[in-house]
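Peer 1: Just the structure for this:
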Amino acid sequence: MIDIHSHILPGIDDGAKTEFDSLDMAKAAVKEGITTIVATPHHRNGVFDNDRESIIRWVDTLNELLINEDIPLTILPGQETRINGDMLDELENNIILPINDTKYIFVEFPSAHVPRYASQMLFDIQVAGYIPIIVHPERNQELLEHPSRLYEFVKKGALTQVTAASVVGKFGKDIQKFSRQLIEANLTHFIASDAHNTKSRGFAMKEAFQVINNDFGSDYAYMFLENSELLIDNQNVHRLEPTQIKKKKFLGLF
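Peer 2: Numbering: from 1, shown residues only. All right, here's what the predicted structure looks like:
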């Protein structure tokens, strides 16, 4: 199993604080059946700035540490970039790091809203030759209230990644319900952990895939697993035709 979103690198964002914490996370990941993790530290989120070169150095260091500790896990380089107006410039100047140096780029929205320029930026990223992946859309308040916005992004070529913990209800029932709706409507393409530690923000990948397999079928579970492999190999991933999430009537009104 490949986990394409994690904060396992030590001491550079709000994930693992020390190398010991990173090793602790690595051991937990292996127990879940994870063989490869993409390290995606925060970039341009208002608190942390982790550029391409520093991330690659940390990934190399952690991989050496895992080999020395005989932990069967491989770390690949990635980055979780908060959407901002300088993304194209940072791509050109090798500051933004695509996932494992592929055509895929993580794009994070603020938790409470979607910036007005988001649609244009997602379009511009695609024109530049990359494919944006909107991370954890199920935890964005505006998208939860107006899922048609996410439908438009996906319809126009963006991909999305839902958090494993959201699928199993660790962020609450509303987010769990929305996660299920995104899967049903073919509005998400990847399941990943977004793990920050082994206690409050763990992996939950094994549990999430059990839920998906049981409730949506093995074809969906396999698609999500294979998409993560295709992503890190820079191949085209599986996309099913997206549909709108229908809002339920309340007292006969929409």
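
Peer 1: Against Arg82, how distant is Ala118?
Peer 2: 11 Å (CB to CB, to the nearest Å). For every residue, glycine as well, the C-beta is placed using N, CA and C.

Peer 1: Now list whatever residues contact both of these two.
Peer 2: Phe109 (CB atoms under 8 Å, 6 or more residues apart in numbering).

Peer 1: residue ranges for the helices of the stretch 151-254 of the chain, please.
Peer 2: Secondary structure of the stretch 151-254 of the chain (DSSP state H, counting those that start in this stretch): helices located at 164-167, 173-184, 205-216, 218-232.

Peer 1: chain center to the shortest one, what's the gap?
Peer 2: If I follow you right, that is helix 164-167. Centre-to-centre, helix 164-167 and its host chain are 11 Å apart (CA atoms, centre = their mean, to the nearest Å).

Peer 1: Can you pull out the residues in contact with it?
Peer 2: 136, 138-139, 171, 175-176, 178-180, 183, 191-194, 201-205, 207-209, 211-212.

Peer 1: same thing but at 6 Å, please
Peer 2: Glu138, Ile175, Ser179, Ile191, Ser193, Ala204, Met205, Ala208, Val211 (CB atoms under 6 Å, 6 or more residues apart in numbering).

Peer 1: can you pick the most crowded of those?
Peer 2: Ile191 (30 neighbours; other CB atoms under 10 Å).

Peer 1: Would you quantify the distance from that residue to Lys103?
Peer 2: 20 Å.

Peer 1: likewise Glu92?
Peer 2: Distance from Glu92 to Lys103, by CB to CB: 15 Å.

Peer 1: So between these two, which is more surrounded?
Peer 2: Comparing Glu92 with Lys103 by other CB under 10 Å, the one with more neighbours is Lys103, at 15 against 10.

Peer 1: Please identify which pair of the contacts of helix 164-167 lies farthest apart.
Peer 2: Greatest spatial distance among the contacts of helix 164-167 (CB to CB): Ile175 and Met205, at 16.9 Å.

Peer 1: Under a three-state scheme, what state does Asn50 occupy?
Peer 2: coil (DSSP: H, G, I helix; E, B strand; the rest coil).

Peer 1: List the buried residues for stretch 206-222?
Peer 2: By 16 or more other CB atoms under 10 Å, the buried positions in stretch 206-222 come out as Glu207, Ala208, Phe209, Val211, Ile212, Phe216, Tyr220, Ala221.

Peer 1: The closest residue to Thr102 other than its chain neighbours: how many residues sit nearby?
Peer 2: Distances taken as CB to CB, 6 or more residues apart in numbering put Asn234 closest to Thr102, at 3.9 Å, once the chain neighbours are dropped. Summarising burial for Asn234: neighbours were counted as other CB under 10 Å, giving 13.

Peer 1: was I right about Asn234 contacting Asn100?
Peer 2: No. Asn234 lies out of contact with Asn100 (CB atoms under 6 Å); the separation is 7.6 Å.

Peer 1: My guess is Phe190 contacts Leu225. True?
Peer 2: No. Taking contacts as CB under 6 Å, Phe190 lies outside contact range of Leu225: 9.7 Å.

Peer 1: quick one, which of the two is more surrounded?
Peer 2: Using other CB under 10 Å, the more surrounded residue of Phe190 and Leu225 is Phe190, with 24 against 17.

Peer 1: OK, contacts around the more buried one?
Peer 2: Counting by CB under 6 Å, 6+ apart, Phe190 has contacts Ile4, Gln161, Asn227, Ser228.
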